[in-house]
Each structure stands twice: as C-alpha cells, then as structure tokens.
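Chemist: can't give you the sequence, but here's the structure:
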C-alpha cells in the first residue's frame, strides 16, 4: 500500500497528469471500460444488492456515464481558470485564478451504490489532474472485485489503484499521507476520517447522511406525493443517503396519503413485494436485523412483512411513532417510513430545525409562498420540490451535505472544483512602478493610498 502511494506520488510529480488532453484521454478510456464491463457490473450489483439490470443502469451505471459526458464536454473551459479584475491600487497588473490538482487523492466509497459512489468521485479526481487510490466497500464484495479488475485493466497502478479489504485496510490507508481525501459513508465513520485527515492537515470532502424529511402540505397533490415518496423508498430498498427518512404530513391529508402510498407500492411491486424479482435486498443480515428492530415501534399501516432468508423487507409505512422512537433517532437506511402529522407549518419548521441538518429535504406543496418560506428557513444539503431523490441526477447541481450531513460537494463542475486547488496569480507589469507603497512614508503618500484604498 505504501509503495503504491509512493509510486503515485512519483507519477504525479512527473507532471504526466497536468495536460488537459491527457485527462480527456483518461476519461475516454474510463467511459469505454464502463461500457465494456457493464454486464459484469450489473451482475455484481445483482449479487450484492439484488438490483435489477434496469435499476442498476438507472441509478448507477447510467448516471456515471452521464456525469462523464458532462465533464468531458466542459473540461477544457474549466481547466483554463478565469480572470479577476485587479483594483486600481495594483495598476498595472492582471489577475487570474488557475485550478491545479492536489496530487495523490484517496476515494473511500460505500456499499449502497458501490459503482456510482466509487466512479463518480474518480471522474472528478482524474478530470482535475490527480492520481487516485480507490478503496471500495468490502460489504459489496462482488462489485468491489469487478471494479478492481476493470480499473486494473484500464489504468496503470501508479495512476489509478484499487485497494481491497476491510476496516483494517481503511485504517492503514488513513494513516498514510494523501493530498486529498474523498469519503462517502456514515457520520460516525466521517468523524474518524476527518480526525485522520487532520493529522496530516489533508483537505477532504465528507459525503455523509442523516434523516431527510418529506413535507406533505394540504395543498399538495397527495397521489403524486405518495408515488414519488414511495419511489424513494423502493429504490435500493431505501438504502440511499438521500432517501426519504420520515414524512411530516398535514393532518387533513393523513388518510389520503396512507391509502395512496399503499396503492402506489402495490402498483410498483405487486401484492407481494417480497416475491418481486426486481425488488432489491438489504445488504447483509446485520442491517436486516437492525431495520427489523426499528419496525417494532409504531403501527404498520402499509407493508410490515419481512423475509430473513432473502433479506427483504416490504416498503413499510409506520404511524403512531413517538418522537423518541429508535427509528426517529437514527438514519433508517431501509424501506421504513414513519409518518408524523402536523397542523401548522411552524410545527414542521421547529421539528426539523431542532435536529441535525439533513442531507436532503423534500417539499410537496402547491403553495408557492410556503415553498419559498421553507426553502428560506430550512438548512439542508439539497432536495426537491414535489419529488424525491432526482436532484442528484443533474450534473449541474452540486451535491453535498451541510453540518452533520457532510461538507463539500461534487457532480459536474463541483467535482472538478472539489479536486482542484484554486491558485491565485497576480502578474505585475514592469513598465511602471508606483512609489506609494514604499518607505519612506509621507503625508502625500498616505493621501494617495487613502484615495485608492477605501
């Protein structure tokens, strides 16, 4: 591991990655590799998470390809940097911001979207001109193995290297000195990564999670809200960092929302979701048991059945859930949706603002004034109005958390910016040298300085 990092540092210091044409060629090679290995990636996602080929392409492989296309289209312009107007006091001079790569980067990816959340940051790292060590999650072993084989075939290890293993390997990597760290995972592990980065003063991005609320106002299209919230819970069986975690539903809409949610789930998965071959599974037994335990508090108005043999849990809507219930104290990361009713919008704001800032928030309303109020008053990483999840599918929208849900952002240009240091450069002309900054200082010089610096 140490030798691999040292080799990458030597390769970076050779300046091989600095030219934009080199980076574009690398991104083109990555795209060709993904297309070639797509069937094996889909098979691996099926083995690890039970995902259908359609869901694998929609939520992982296709999204990486879309992001790649966007980065390749704009990379030359991004890499040029931009000019900044110099103030009159610095005449004659020109100023420019020049993006430069950090150097050797480390990407630690999670198990829930093991292709998307490994390759998307990799695209940003390579586009910015870095080398990269990628550590995929050991909890999705089939996908990690395929990613390792694909990237080993595509790039030399001194440029891109995949390191396999468990927690001990992650700890060993974090003990090394990198120039940038990109981590996606839980807030608990995020603390560990940030502490390790602090020892080397390494800049980093943390993509974490949290309890992302849905707000269903009485002016909302309840049927549409139920369908799109159900989509957010069915997708990867809720094992999504931006999945709807709980719903705040206006008391006048509660009955209609429950009935609509039940019908929409049946429309998507049939009367017996656990037997639907396209319905994914919980990643492992430990997480299955954790989610099953969370279901014990509250009343299941929709779903509620489990199958330990296949690690599947029905999309389950829970009511009569106390605020101190376990499912309201931690991110669910599964197909459970507690429903809490409210009467005034002040209740909603107080409820959300009294908790750590979420990664996402979803507002369902037909009231534009209410929409503007909530977007202004509530702090969250990103979200949607009248939909869930899909804001992360837009390359032009930076994706990231705030506070407990993370720091930094990526996707599109935000990925390039994340893996680039913005180097500020002032170029001063030599044909004129104004004397006012030099000693000895006089009253006249001070008057001139005050004229310019105010």
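Modeler: Cool, got the structure. Owing to the predicted nature of the structure, the values given are computational and were not obtained by experimental measurement. Numbers count the residues shown, from 1 in each chain.
Chemist: mind listing what residue 263 touches?
Modeler: residue 226 (C-beta atoms under 8 Å, 6 or more residues apart in numbering). For the C-beta atoms, the positions are set from N, CA and C on the backbone; glycine is no exception.
Chemist: report the buried residues of the helix or strand hosting residue 191.
Modeler: Per DSSP states H and E: residue 191 is located in helix 187-199. Within helix 187-199, the residues that qualify as buried are 187, 189, 190, 192, 193, 196, 197, counting by 16 or more other C-beta atoms under 10 Å.
Chemist: tell me what it is packed against?
Modeler: helix 167-175, strand 180-184, strand 204-207 (3 or more C-beta pairs under 8 Å, 6 or more residues apart in numbering; DSSP states H and E).
Chemist: closest one to residue 97 among the ones you listed?
Modeler: strand 180-184 (18.2 Å; C-beta to C-beta).
Chemist: which residues touch the closest one?
Modeler: Under C-beta under 8 Å, 6+ apart, the answer for strand 180-184 is 102-110, 117, 121, 124-125, 130, 174, 189-190, 193, 197, 202-208, 241, 410, 418-419.
Chemist: stretch 185-194 now?
Modeler: Against stretch 185-194 from outside (C-beta under 8 Å, 6+ apart): 108, 110, 174, 181, 183, 204, 206-210, 331, 404-406.
Chemist: quick one: residues in contact with the host helix or strand of residue 123.
Modeler: In the assignment (DSSP H and E), residue 123 maps to helix 116-127. By C-beta under 8 Å, 6+ apart, the residues outside helix 116-127 that reach it are 17, 23, 26-27, 30, 34, 59-61, 63-64, 67-68, 71, 75, 78, 105, 107, 109-110, 131-132, 134, 136, 147, 160, 180, 182, 184, 207, 410-411, 415-416, 418-419.
Chemist: show me what the next helix-or-strand element following that helix is packed up against.
Modeler: Next helix or strand after helix 116-127 toward the C-terminus (DSSP H and E): strand 131-135. Applying 3+ C-beta pairs under 8 Å, 6+ apart, one finds that strand 131-135 makes contact with helix 2-13, strand 104-108, helix 116-127, strand 160-162, helix 167-175.
Chemist: try it again with 6 Å
Modeler: helix 2-13, strand 104-108, helix 116-127, strand 160-162 (3 or more C-beta pairs under 6 Å, 6 or more residues apart in numbering; DSSP states H and E).
Chemist: what's the angle from the first one to strand 131-135?
Modeler: What it means is helix 2-13. Taking axes from the mean of the first three to the mean of the last three C-alpha atoms, to 10 degrees, one finds that helix 2-13 is oriented at 150 degrees with respect to strand 131-135.
Chemist: which residue ranges of the stretch 151-300 of the chain form helices?
Modeler: 167-175, 187-199, 222-234, 254-269, 285-294 (DSSP state H, counting those that start in this stretch).
Chemist: for the third one, buried residues please.
Modeler: So the one you mean is helix 222-234. If you call a residue buried by 16+ other C-beta under 10 Å, then helix 222-234 has these buried ones: 222, 225, 226, 227, 228, 229, 230, 231, 232, 233, 234.
Chemist: chain center to it, what's the gap?
Modeler: 21 Å (C-alpha atoms, centre = their mean, to the nearest Å).
Chemist: with the second one instead?
Modeler: Its chain's average C-alpha position is 17 Å from that of helix 187-199, according to C-alpha atoms, centre = their mean.
Chemist: what does the last one give?
Modeler: Its chain's C-alpha centre lies 24 Å from the corresponding centre of helix 285-294 when counted by C-alpha atoms, centre = their mean.
Chemist: who touches it?
Modeler: 282, 306, 311, 313, 326, 327, 334 (C-beta atoms under 6 Å, 6 or more residues apart in numbering).
Chemist: show me those residues that map onto helices.
Modeler: Within those, no residue falls in helices by DSSP state H.
Chemist: mind putting the residues you listed into TSV with neighbour count, pLDDT and distance to residue 95?
Modeler: Putting the contacts of helix 285-294 into TSV (neighbours: other C-beta atoms under 10 Å; pLDDT from 0 to 100; distance: C-beta to C-beta, whole Å) gives the following:
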residue	neighbour count	pLDDT	distance to residue 95
282	27	96	54
306	19	95	61
311	20	96	57
313	27	96	57
326	15	93	55
327	24	94	53
334	26	96	51
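Chemist: show me which pair in these is furthest apart.
Modeler: 311 and 326 (19.7 Å).
Chemist: coming back round to it: between the buried residues of helix 187-199, which is closest to residue 267?
Modeler: Using C-beta to C-beta, the buried residues of helix 187-199 come closest to residue 267 at residue 187, 34.6 Å.
Chemist: and the pLDDT at that closest one?
Modeler: Looking at residue 187, its pLDDT reads 92.
Chemist: before we move on, what about residue 446?
Modeler: 89.
Chemist: the host helix or strand of it: which residues count as buried?
Modeler: Assigned by DSSP H and E, residue 446 belongs to helix 443-452. Neighbour counts over helix 443-452 (16+ other C-beta under 10 Å) mark 445, 448 as buried.
Chemist: do stretch 41-60 as well
Modeler: For stretch 41-60, the neighbour count (16+ other C-beta under 10 Å) marks 41-42, 44-46, 48-53, 55-57, 59-60 as buried.
Chemist: over to stretch 337-353?
Modeler: Quick answer for stretch 337-353 (16+ other C-beta under 10 Å): 337, 338, 339, 340, 341, 342, 345, 348, 349, 351, 352.
Chemist: domains in the protein, by residue range?
Modeler: 2-208+403-423, 213-395 (automatic domain parsing).
Chemist: quick one: distance of the longest one to the chain centre.
Modeler: Per C-alpha atoms, centre = their mean, the displacement of domain 2-208+403-423 from the mean C-alpha position of its chain is 12 Å.
Chemist: start at 811, not 1
Modeler: Okay, residue one is now 811; in that scheme the one you just asked about reads as domain 812-1018+1213-1233.
Chemist: hmm, back to that, how about the helices and strands packed on strand 941-945, which one is nearest residue 1080?
Modeler: Judging these by C-beta to C-beta, what sits closest to residue 1080 is helix 926-937, at 26.9 Å.
Chemist: quick one: that closest one to strand 914-918, angle?
Modeler: 170 degrees.
Chemist: start and end of stretch 1075-1095, how far apart?
Modeler: Taking C-alpha to C-alpha, to the nearest Å, stretch 1075-1095 runs 24 Å from one end to the other.
Chemist: list the buried residues in the longest helix anywhere in the chain.
Modeler: As assigned by DSSP H, the longest helix anywhere in the chain is helix 830-859. Buried positions in helix 830-859, judged by neighbour count with 16+ other C-beta under 10 Å: 833-834, 836-837, 840-841, 843-844, 847-848, 850-852, 854-856, 858-859.
Chemist: hmm, back to that, quick check, nearest of the buried residues of helix 997-1009 to residue 1170?
Modeler: Among the buried residues of helix 997-1009, and counting by C-beta to C-beta, the member closest to residue 1170 is residue 997, at 14.4 Å.
Chemist: all set, thanks.
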